[in-house]
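[1] Below is the sequence, then the predicted model.
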Amino acid sequence: MFLDLLRRICHLMQLTLLPLYIIERGFPSSTAGLMITFYLLTATIFRPSSGILVDKKGSYAVMLLGSSVYCFATGFYMIDLQIWPMFLIRAIQGFGFSFHGTALMTMATNVIPERRMSEGLGYMALTQTIGQAFSPLLVIILRNTYGFKAAFLTVFAFTLLMTISGFILKFDKSKHNKRRTSKPSVLKRQARKLNLLNKIVNIDALKPSIFMLFIAFVVSGINAFLVPHAAERGIVNPGIFFTVSALMVFLVRISMGRVLQIIDSSLLLAIGMMFISIGFAGLFVCFNILILIIAGVFYGLGTGITQPQLNALAVLATGKEQRGMANSTFFMSLDLGFAIGAVSLGAIADFAGMGAIFGFGSIIALLTCLAYLILRKNFIPGKI
């Protein structure tokens, strides 16, 4: 979790800092948005190769490769670069981010007991919540107080710490680097004729990953459009939405084990999707701070439940020797959903107004929930 937390901190600090840096240099907001989309699409492109390499060479080696490349690229932000070289640096970072993330998640799924997979992945996902709680604020304070150079230097220091920690922390390298022997049932699956899709994604992990793509598509509207939407509705401090939702995510994930003893895992996932739909509906009709807080509660509960549950389904749908590819398939859907969503929802806002984003998001989340309830027997592997 420590390495994943450092990765999240670096990722979130740069997501906050780079748009400010680009706009201050005189480029339009669209260029800043394109920089983020380019980074996420690059990470998506490299996800399949990261999964294949994890399964062939081991997660520990791939983790070190990813962190080293990410650290190397981050160092260039301390130099005054032109805009196009910055796109190249973001592409290199996307490579490192996808390799490092896929390897770390595969390490986690290899040591978490299968019967507690969803609970364990929920704890892993807390790194996102913790990182988001202070990373953007920290980097903005650094930028306002000491300037961009100091802020970028701090980000580089975190990436360097992440890379060095990966080399010195003790892992069971034989467990994470050894190529596993496939079971007969797995060998039979692998004997199927490979096509282009098989080489890009893990077919067994694809079904839950598609659901994650639709959820990520919807969720992408929060970070990009909630603040201007709240301003249109006369809400002065929309930041309380993020505080409340982060608290709900934290509470859900630390109590996931107890919840799963009461509610069946497949039903819990449907409840999570429904909560996201309710949260977006609340934002659609939001005209005061109280409704915004209630929407934040439902949104936080929903996202806190949904991502680790779907991640667990993707991992458990495959054999252990294919978990690298399963994780890359899942996170590729996450990256792709965010990248497509930001652009598509922006077009909806231009056409129908800012509020339409959240009404549309509520409908998509609801339809995703209904589709899951209809199709879940096709890919639920049992308790997660």
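    Arrived safely, thanks for sending.
[2] in whichever helix or strand C71 is part of, what's buried?
    Using DSSP states H and E, the element containing C71 is helix 59-74. Of all the residues in helix 59-74, those buried under the rule 16 or more other Cβ atoms under 10 Å are 59-71, 73-74. Using the backbone N, CA and C atoms, a C-beta is placed for each residue, glycine as well.
[3] okay, that helix in PDB with CA atoms only?
    Output of helix 59-74 as PDB, limited to C-alpha atoms (Å, rounded to 0.1, in the frame of the first residue of the first chain):
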ATOM      1  CA  SER A  59       5.300  -8.200 -11.200                       C
ATOM      2  CA  TYR A  60       8.300  -7.200  -9.100                       C
ATOM      3  CA  ALA A  61      10.500  -6.500 -12.200                       C
ATOM      4  CA  VAL A  62       7.700  -4.700 -14.000                       C
ATOM      5  CA  MET A  63       7.000  -2.600 -10.900                       C
ATOM      6  CA  LEU A  64      10.700  -1.400 -10.800                       C
ATOM      7  CA  LEU A  65      10.600  -0.700 -14.600                       C
ATOM      8  CA  GLY A  66       7.400   1.400 -14.300                       C
ATOM      9  CA  SER A  67       8.600   3.400 -11.300                       C
ATOM     10  CA  SER A  68      12.000   4.100 -12.800                       C
ATOM     11  CA  VAL A  69      10.500   5.300 -16.100                       C
ATOM     12  CA  TYR A  70       7.900   7.500 -14.300                       C
ATOM     13  CA  CYS A  71      10.600   9.000 -12.100                       C
ATOM     14  CA  PHE A  72      12.900   9.700 -15.100                       C
ATOM     15  CA  ALA A  73      10.100  11.500 -17.000                       C
ATOM     16  CA  THR A  74       9.000  13.600 -14.000                       C
END
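[4] and the helix or strand hosting R253, what other elements does it pack with?
    Secondary structure assignment for R253, by DSSP H and E: helix 239-254. Secondary structure elements in contact with helix 239-254, counted by 3 or more Cβ pairs under 8 Å, 6 or more residues apart in numbering; DSSP states H and E, are helix 117-146, helix 289-316.
[5] can you do 10 Å?
    Helices and strands touching helix 239-254, by 3 or more Cβ pairs under 10 Å, 6 or more residues apart in numbering; DSSP states H and E, are helix 117-146, helix 203-232, helix 265-284, helix 289-316.
[6] and it, which residues are buried?
    Buried-residue list, helix 239-254, by 16+ other Cβ under 10 Å: F241, F242, V244, S245, A246, L247, M248, V249, F250, V252, R253.
[7] who does whichever helix or strand comes after that helix touch, helix- and strand-wise?
    As assigned by DSSP H and E, the chain's next helix or strand after helix 239-254 is helix 256-262. Applying 3+ Cβ pairs under 10 Å, 6+ apart, we find helix 256-262 packed against helix 117-146, helix 265-284, helix 289-316.
[8] quick one: the most centrally placed residue in the chain from A133, how far?
    Nearest to the geometric centre of the chain sits L334, at 5.7 Å (Cα atoms, centre = their mean). As judged by Cβ to Cβ, to the nearest Å, L334 and A133 stand 20 Å apart.
[9] Look up phi and psi at R233.
    phi -90, psi 0 (degrees, to the nearest 10).
[10] tell me the phi and psi of A317?
    Main-chain torsions, A317, degrees, to the nearest 10: phi -80, psi -10.
[11] Let me know whether it touches L206 as I believe.
    Yes - A317 is in contact with L206 according to Cβ atoms under 10 Å; the separation is 8.7 Å.
[12] quick one: pLDDT of N195?
    The model reports N195 with a pLDDT of 59.
[13] The one 10 residues further on too?
    The model reports A205 with a pLDDT of 87.
[14] Please apply the same query to the one 3 residues further on.
    Turning to P208, the model gives it a pLDDT of 91.
[15] what separates it from F156, distance-wise?
    For P208, the distance to F156 - Cβ to Cβ - is 36 Å.
[16] ok, and the helix or strand in this structure with the lowest average confidence?
    Using mean pLDDT, DSSP states H and E, helix 184-190 stands out as the lowest-scoring helix or strand of the chain, at a mean of 46.
[17] Whichever strand or helix holds C10 versus helix 59-74: what angle between them?
    Secondary structure from DSSP H and E places C10 in helix 2-24. Put simply, helix 2-24 runs at 20 degrees to helix 59-74, going by axes from the mean of the first three to the mean of the last three Cα atoms, to 10 degrees.
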